[in-house]
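sequence first, predicted model second:
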Amino acid sequence: MEGGTRLVVDIGNSRMKAGLFRHGRLTRTSTMPLGDVAAIGAFVASDRPEVVVVGSVASPDPAFANALHAWAPVVEVNGASEGPIRSAYRTRDTLGVDRWANAVAASLLFPGRPTLAISLGTCLTYDLVSADGEHLGGIISPGFRMRARAMGEFTARLMVVDPPDTPALLGTDTEACLASGTHHGLLAELAHTISGFRHKQPGLAVVLTGGDALRFARALESGIFAHPFLTLLGLHALSLPARLASGTSSGPGR
């Protein structure tokens, strides 16, 4: 696949990820603090990208955006960018670029199948793509840590908890009850939503990404895939002409 060497930067709400693509293959990745120009420089090192691709859901950071031009011309993609699939979303100007990128990448990973891209980050997002390549829409709900923080911050006597990977269903103290509700409540939402979409879209492929993807991929039934670099793959595909995007690699060194 064409595309040369591209540095792709995924700017989220609490951190950013960088990926280096060589001729469509994701070869290296790194996670770093928001706006950390030095970290980008260390990641790029002696590699000289031909293009820097940026997708952001964070507040604008003009200084960081200007600094990226030191490495290569910058291409910014957003939720209204043209891609290798169509979108039926009615308000493309409000569609998060991460959601659009995840939908694109999931569809490219499973061509000819309906796909559901689920991102478990600050918010929990679902994006459904039909078998013939149309983004049909999705769902947004509070993410894992947002749920835990909400119970601690919006009540007088409850605390913020960080649940273990597999908390007991039945809590025997308040902290354990909060951990159970946070973990098992989100798990129940995932299972119910996936089941509903599978009923409407037979043969549905489900891909989880985001910081809490592995936690819940292990807890859900088999046949659910976790891909930590889904958004990077989608941003890269959105930066290419449609005729090239279908060859996006599934991950580093693969």
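Done, it's in.

please make it C-alpha for all contacts and neighbour counts, starting now.
OK.

could you report the pLDDT at residue 165?
With respect to pLDDT, residue 165 scores 88.

the one 4 residues further on too?
We note a pLDDT of 97 for residue 169 in this prediction.

and for residue 109?
Turning to residue 109, the model gives it a pLDDT of 97.

check residue 223 too.
At residue 223, the model reports a pLDDT of 81.

let the chain start at 801 from now.
Taking 801 as the first residue, the last one we looked at is residue 1023.

ok, so what distance separates it from residue 815?
29 Å (CA to CA, to the nearest Å).

residue 948 too?
Taken as CA to CA, the span from residue 948 to residue 815 is 19 Å.

of these two, who's got more company?
Remark: of residue 948 and residue 815, residue 948 carries more neighbours, 21 against 14, as counted by other CA atoms under 10 Å.

hang on, the more buried one in a strand?
No. Assigned with DSSP: H, G, I helix; E, B strand; the rest coil, residue 948 falls outside any strand and is helix.

mind listing what's buried along stretch 878-889?
878, 879, 880, 883, 884, 885, 887, 889 (16 or more other CA atoms under 10 Å).

and the gap between the fifth one and residue 986?
Counting by CA to CA, the gap between residue 884 and residue 986 amounts to 31 Å.

show me where the stretch 901-1050 of the chain has its helices.
944-953, 974-1000, 1013-1019, 1030-1038, 1042-1045 (DSSP state H, counting those that start in this stretch).

what does the first one contact?
Outside helix 944-953, the residues within contact range by CA atoms under 8 Å, 6 or more residues apart in numbering are 920-924, 958-962, 978-979, 982-983, 986, 1012.

got phi/psi on the residue of the chain most remote from its centre?
For the chain, the residue at maximal distance from the C-alpha centroid (CA atoms, centre = their mean) is residue 972, at 34.8 Å. Backbone geometry at residue 972, expressed as degrees, to the nearest 10, gives phi -110, psi 0.

next SSE downstream of the helix or strand encompassing residue 839?
Using DSSP states H and E, residue 839 sits in helix 837-844. Counting by DSSP H and E, the element after helix 837-844 in chain order, helix or strand, is strand 851-856.

run through the neighbouring helices and strands of the helix holding residue 839.
Here helix 837-844 touches strand 816-822, helix 862-868, going by 3 or more CA pairs under 8 Å, 6 or more residues apart in numbering; DSSP states H and E.

mean confidence score for that helix?
The pLDDT scores in helix 837-844 average 94.

show me what contacts residue 1041?
By CA under 8 Å, 6+ apart, residue 1041 lies in contact with residue 883.

what about it, distance to residue 847?
23 Å.

with residue 1029 instead?
Distance from residue 1029 to residue 847, counting by CA to CA: 20 Å.

neighbours around residue 994, how many?
Residue 994, neighbours per other CA under 10 Å, totals 18.

quick one: contacts for it?
Taking CA under 8 Å, 6+ apart as the criterion, residue 994 is in contact with residue 1006.

got a pLDDT number for it?
At residue 994, the predicted lDDT confidence score is 96.

distance check, it against residue 846.
Residue 994 is 43 Å from residue 846, by CA to CA.

equivalent analysis for residue 1012, please.
32 Å.

hang on, the earlier thing: same list (the helices of the stretch 901-1050 of the chain) but as CSV, adding distance to residue 833.
What follows is the helices of the stretch 901-1050 of the chain, written out as CSV (distance: least, CA to CA, whole Å):
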stretch, distance to residue 833
helix 944-953, 18
helix 974-1000, 26
helix 1013-1019, 20
helix 1030-1038, 16
helix 1042-1045, 28
